[in-house]
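[1] How does the following fold in three dimensions:
(chains A and B)
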Protein chains: 2
Amino acid sequence: MDTLAAYKEHLREIGKLESALSLLHWDQRTNIPRKGHAARAEVIGKLTKMVFGLSVADELGEYLEKLQGADGLSEVDRASVRVVGKAYRRHKAIPPAFYEEYAVASSRSETAWEEAKEKSDFQLFKPHLERMIDYARKFAEYYGYDESPYDALIEEFEPGMTSAELKTIIEPLRQDLVPFIKRLMEEGKRPQDGFMKGTFSEEMQRELSLKALSAMNYDFDAGRLDPTVHPFTTTIGPSDVRITTRFLPDNILSGLASSMHEGGHALYDQGIPDELRWSGLDEGASFGIHESQSRMWENLVGRSRPFWKFFAPIAGEIVPQLSGIPAEDLYRAANIVQPSLVRVEADEVTYNLHIMLRFELEEGLITGKIDAADLPELWRDGMKRYLGVTPQDDAHGVLQDVHWSSGLFGYFPSYMLGNLYSAQFFAAARREIPELDRQIEGGNLAELLAWLRRNIHQYGKMYEPKELIERVTGEKPDPSYFVSYIVDKYSDVYDLS
Amino acid sequence: MDTLAAYKEHLREIGKLESALSLLHWDQRTNIPRKGHAARAEVIGKLTKMVFGLSVADELGEYLEKLQGADGLSEVDRASVRVVGKAYRRHKAIPPAFYEEYAVASSRSETAWEEAKEKSDFQLFKPHLERMIDYARKFAEYYGYDESPYDALIEEFEPGMTSAELKTIIEPLRQDLVPFIKRLMEEGKRPQDGFMKGTFSEEMQRELSLKALSAMNYDFDAGRLDPTVHPFTTTIGPSDVRITTRFLPDNILSGLASSMHEGGHALYDQGIPDELRWSGLDEGASFGIHESQSRMWENLVGRSRPFWKFFAPIAGEIVPQLSGIPAEDLYRAANIVQPSLVRVEADEVTYNLHIMLRFELEEGLITGKIDAADLPELWRDGMKRYLGVTPQDDAHGVLQDVHWSSGLFGYFPSYMLGNLYSAQFFAAARREIPELDRQIEGGNLAELLAWLRRNIHQYGKMYEPKELIERVTGEKPDPSYFVSYIVDKYSDVYDLS
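    Numbers count the residues shown, from 1 in each chain, chains lettered A, B, ... in the order given. Modelled structure (predicted):
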């Protein structure tokens, strides 16, 4: 077997084990009976270790060395060698003993965070958080970086992105969105949504989600929809991409949005071609690009006026109390803005401000400009400044998210980038499909999907985010698309003159 | 690490991979979307190969050699070394190249069988069947045997059982059951079951099954019930034993029986103690013993008069048309006997005759007394002789079962042994729990389960079937319990004088 064939075979081995792991994880959050958890953790631990072993195997290193810069490789193979090689070097950079130590500390830290959140007592969590920050800094040192240690951490989620660049992206957001939200709240007219109050059965909500997902052309022959507690999408293989969603009995828009969000993630993975399977490229270009797909379908499509023109009669048929409500009223009710304390409940206007605050704080923690002890105070200040609200306790403040407790620093920005990219991509799609709004009004979402497939999905992880965005839109990542989208849409929804 | 610890760790590695495999298989038959099958087959192939590699690993052989006959081993460890050692030697006996050749031929043969069955054309299947018989004989030679090559094959499913012994077990069945069925059909009074005709929703049938499984004390915190096409039970771990069942829209008894049957399998595996987990002993003593548990709950409990006294009001509440039907009528309707062509649809009286025929034929095929070409004719003769019915074509005759097409010879007898064992076990339980019938009438099935747990389940695979049966009942396997059970019960149900 020549090197390339051996290399591909090695990746296929990893891919097969990862597919099994994905199913084990999915089942753990959908079907597993209560008493099955203990053994499942051990099974997952075993397979994870095997995958890790293969991903740092010496023979993989040898293949990569021979293939880097080799002649005659296809574009796909070159991209594979680049992406896998980078992951290999990052993995290899971490001493195994250090990683094991971190894994234990991280697990303890998560447990401490749970207790601290329950008791709303930051002090219980503080020593663990300090330890996690320490680990994160050491990871950054092992990985290496040019300017900021934070860059080494973002790299995991958003290849090629840096702290400095994030700041230039965020600036216009801060400048424009903070005053816009203030104006919206003070001068805007909040839409009516009394007709949305009520109790909605799970069957009804499921039917509504299925209609939306069908309209999105989600392929149910290559996936399924199940209920869960914290919605997620699992890719078990390119032809088996499963969505989960959560239906709240008293809020029918929440489950629909969750299904469309996860559906957006799933369409991306369903669109990755079979030739990339198990090549290291059979996933999204980055967390931010992946989030751009989920947010586009959830917000730019699912919360748009054309979509509700199409969807109002369907909703009215499934949900008796919505029957006869004008599409315009449903559209407006789906777009209520409310500055609030908790990120995961935030609307699309205020969401990014939650992320901005987290980015500023975690960047400060990693570079040493901020001390963990000052976090609760800095959190309260930031919320007041950006959103005009103040958490009554740390459970609804600095302790609300799990990420930092397990040492995940550099992850939060992907949520914001997803929003920004989604607006920039959608603007490009609209330029190239002049009939797009009319199509959506008619329930025809196929051309948009085809555009995403052609421009984004088919490449999997072949290009880094910035290169992909330039290829698709002809421009660098640019936050102004998102700002314009928000300002235009909500000035209209809130009747700002 | 000493040898025992290394040995146990090796088995735990195998156990964890097998747990992942079980989930992959379960999902394949319950949840997987249509397009997910191709990649799933590859993932399963990979993990199966890994498990096989570990189960014939040289280091395992070394551990076993050191541990066989070592001092100071616990009873569990000694049993583990014996059971794992036997499997190791059997695996090692087969040259890998031969096994791979067989695997390919077997897969082709199954495909040919499918086509042959569809076209009801035995000639299409004959060359493949001949090849499979040939492979089976070679397997038998590799495994080794004392008297009959068929013994080497039964060993896989029913350790310690031989062809000669099976014949002495079967003889009373043939002598007593064949004329009894004839008498039943000619002189007996077939119970009324007009009230069973109708169409029953899946929700209703599911509720009925859940009630029965709850009464059986199936632990839903360590399992779940899902619909499928061909019902089965999957043990993902001792605390995760999942049942599947099939609901026919026009036959409510079928789904109930299927759920109780699989529930019986599941109770066995749920009852295997945690200390046996991943030791090579965390499964049933044999296929026959496992089947004894499923058949006991399906038939000796689920088709008994006391059970229907308890279950009639429950059934009446869930199924409107059964409301008010006397328990005695429901009991009788659940016990209609009808000689028929297809094994999987057979009632408990005629079922064993289907197996007897298969045993006679496959034993003849392996020992060379029967030629594959003569099978269709021999099948028709046998069905006529035993059951008085003649298949109109081979699809409903010799081609009906998948087993032989993939080279499974020696498997069929376990179905029959399960029936025989179940009657023998139940008679012992009844001796030791004099109140058993009264308890069942009251819906109290806990003491029966406790008895099974104490006498059978807790030992997993520690004892071979014969030893286990003697420990539990004080007697050798004895078919007369089954014959008496059938003759007594059905003489009554069919009003034979």
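[2] From B:Lys35, how far off is A:Asp269?
    Computed with C-beta to C-beta, to the nearest Å, the distance linking A:Asp269 and B:Lys35 is 13 Å. For every residue, glycine as well, the C-beta is placed using N, CA and C.
[3] Tell me which of the two has more neighbours.
    For the pair A:Asp269 and B:Lys35, the greater number of neighbours falls to A:Asp269 (26 against 18), based on other C-beta atoms under 10 Å in any protein chain shown.
[4] Could you write out the alpha-carbon coordinates of the helix or strand where the more buried one lies in PDB?
    Assigning secondary structure by DSSP states H and E places A:Asp269 in helix A:252-270. Listed next in PDB are the C-alpha coordinates belonging to helix A:252-270 (Å, rounded to 0.1, in the frame of the first residue of the first chain):
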ATOM      1  CA  ILE A 252     -44.700  27.300  20.500                       C
ATOM      2  CA  LEU A 253     -42.100  29.600  18.800                       C
ATOM      3  CA  SER A 254     -39.300  28.300  20.900                       C
ATOM      4  CA  GLY A 255     -39.500  24.700  19.700                       C
ATOM      5  CA  LEU A 256     -40.000  25.700  16.100                       C
ATOM      6  CA  ALA A 257     -36.900  28.000  16.300                       C
ATOM      7  CA  SER A 258     -34.900  25.200  17.900                       C
ATOM      8  CA  SER A 259     -35.900  22.800  15.200                       C
ATOM      9  CA  MET A 260     -35.000  25.200  12.400                       C
ATOM     10  CA  HIS A 261     -31.700  26.000  14.100                       C
ATOM     11  CA  GLU A 262     -30.700  22.400  14.400                       C
ATOM     12  CA  GLY A 263     -32.100  21.800  11.000                       C
ATOM     13  CA  GLY A 264     -29.700  24.400   9.700                       C
ATOM     14  CA  HIS A 265     -26.700  22.600  11.300                       C
ATOM     15  CA  ALA A 266     -28.000  19.300   9.800                       C
ATOM     16  CA  LEU A 267     -28.400  20.600   6.300                       C
ATOM     17  CA  TYR A 268     -24.800  21.600   6.300                       C
ATOM     18  CA  ASP A 269     -23.600  18.100   7.300                       C
ATOM     19  CA  GLN A 270     -26.100  16.400   5.000                       C
END
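[5] Quick one: check that helix for contact with chain B.
    No - remark: helix A:252-270 sits outside contact range of chain B, by C-beta under 8 Å from any C-beta of the partner chain, the gap being at least 9.3 Å.
[6] what mean pLDDT would you report for that helix?
    Over the span of helix A:252-270, the pLDDT mean works out to 97.
[7] in it, what counts as buried?
    By neighbour count, and taking 16 or more other C-beta atoms under 10 Å in any protein chain shown as the criterion, the buried residues in helix A:252-270 are A:252-270.
[8] And the residue of the stretch 351-497 of chain A that's closest to chain B?
    Among all residues of the stretch 351-497 of chain A, A:Gly460 sits closest to chain B, at 15.4 Å; criterion: C-beta to the nearest C-beta.
[9] pretty sure that residue is touching A:Ala285, no?
    Yes - using C-beta atoms under 8 Å as the test, A:Gly460 is close enough to A:Ala285 to be in contact (7.4 Å).
[10] Count the neighbours of the spatially closest residue to A:Ala373 that is not a sequence neighbour for me.
    Once flanking residues are discounted, A:Ala373 sits nearest to A:Lys126: 6.6 Å by C-beta to C-beta, 6 or more residues apart in numbering or on different chains. A count of nearby residues for A:Lys126, using other C-beta under 10 Å, gives 16.
[11] what's the helix or strand for A:Lys126?
    Counting by DSSP H and E, A:Lys126 is part of helix A:122-143.
[12] Alpha carbons of that helix, as CSV, please.
    Provided in CSV are the C-alpha atoms of helix A:122-143 (Å, rounded to 0.1, in the frame of the first residue of the first chain):
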residue,chain,number,x,y,z
PHE,A,122,-19.2,32.2,42.9
GLN,A,123,-16.6,31.6,45.7
LEU,A,124,-17.2,27.8,45.5
PHE,A,125,-16.3,27.9,41.9
LYS,A,126,-13.4,30.5,42.0
PRO,A,127,-10.5,28.2,42.8
HIS,A,128,-11.5,25.8,40.1
LEU,A,129,-11.9,28.6,37.6
GLU,A,130,-8.5,29.8,38.4
ARG,A,131,-7.1,26.4,37.8
MET,A,132,-8.9,26.1,34.5
ILE,A,133,-7.5,29.5,33.4
ASP,A,134,-4.1,28.3,34.3
TYR,A,135,-4.5,25.1,32.3
ALA,A,136,-5.9,27.2,29.3
ARG,A,137,-2.7,29.3,29.4
LYS,A,138,-0.5,26.3,29.5
PHE,A,139,-2.4,24.8,26.5
ALA,A,140,-1.8,28.1,24.7
GLU,A,141,1.9,27.8,25.5
TYR,A,142,2.1,24.3,24.2
TYR,A,143,0.2,25.1,21.1
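[13] next structured bit after that helix?
    Following the chain from helix A:122-143 toward its C-terminal end, the next helix or strand by DSSP H and E is helix A:149-154.
[14] helices or strands up against that next one?
    Of the remaining helices and strands, those touching helix A:149-154 by 3 or more C-beta pairs under 8 Å, 6 or more residues apart in numbering or on different chains; DSSP states H and E are helix A:122-143, helix A:163-187, helix A:351-367.
[15] Alpha carbons only: can I get the last one in CSV?
    Coordinates of each C-alpha in helix A:351-367 appear next as CSV, following Å, rounded to 0.1, in the frame of the first residue of the first chain:
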residue,chain,number,x,y,z
TYR,A,351,-27.6,37.8,21.6
ASN,A,352,-24.3,39.2,20.3
LEU,A,353,-24.0,41.6,23.2
HIS,A,354,-24.0,38.6,25.6
ILE,A,355,-21.1,37.2,23.5
MET,A,356,-19.2,40.4,23.4
LEU,A,357,-19.1,40.6,27.2
ARG,A,358,-17.9,37.0,27.4
PHE,A,359,-15.2,37.6,24.8
GLU,A,360,-13.9,40.7,26.6
LEU,A,361,-13.8,38.8,29.9
GLU,A,362,-12.3,35.6,28.8
GLU,A,363,-9.7,37.4,26.7
GLY,A,364,-8.8,39.4,29.8
LEU,A,365,-8.6,36.2,31.9
ILE,A,366,-6.2,34.4,29.5
THR,A,367,-3.9,37.4,28.9
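[16] Contacts only, for the residue nearest to A:Met416 when sequence neighbours are not counted.
    Setting aside the residues directly before and after it, A:Met416 is nearest to A:Ile355 in space (C-beta to C-beta, 6+ apart), at 4.0 Å. When the contact criterion is C-beta atoms under 8 Å, 6 or more residues apart in numbering or on different chains, the partners of A:Ile355 are A:Arg343, A:Phe412, A:Pro413, A:Tyr415, A:Met416.
[17] Can I get those residues in a markdown table including distance to B:Gly324 and secondary structure?
    Shown next, in a markdown table, are these (distance: C-beta to C-beta, whole Å; DSSP: H, G, I helix; E, B strand; the rest coil):
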| residue | distance to B:Gly324 | secondary structure |
| --- | --- | --- |
| A:Arg343 | 58 | helix |
| A:Phe412 | 64 | helix |
| A:Pro413 | 67 | helix |
| A:Tyr415 | 61 | helix |
| A:Met416 | 65 | helix |
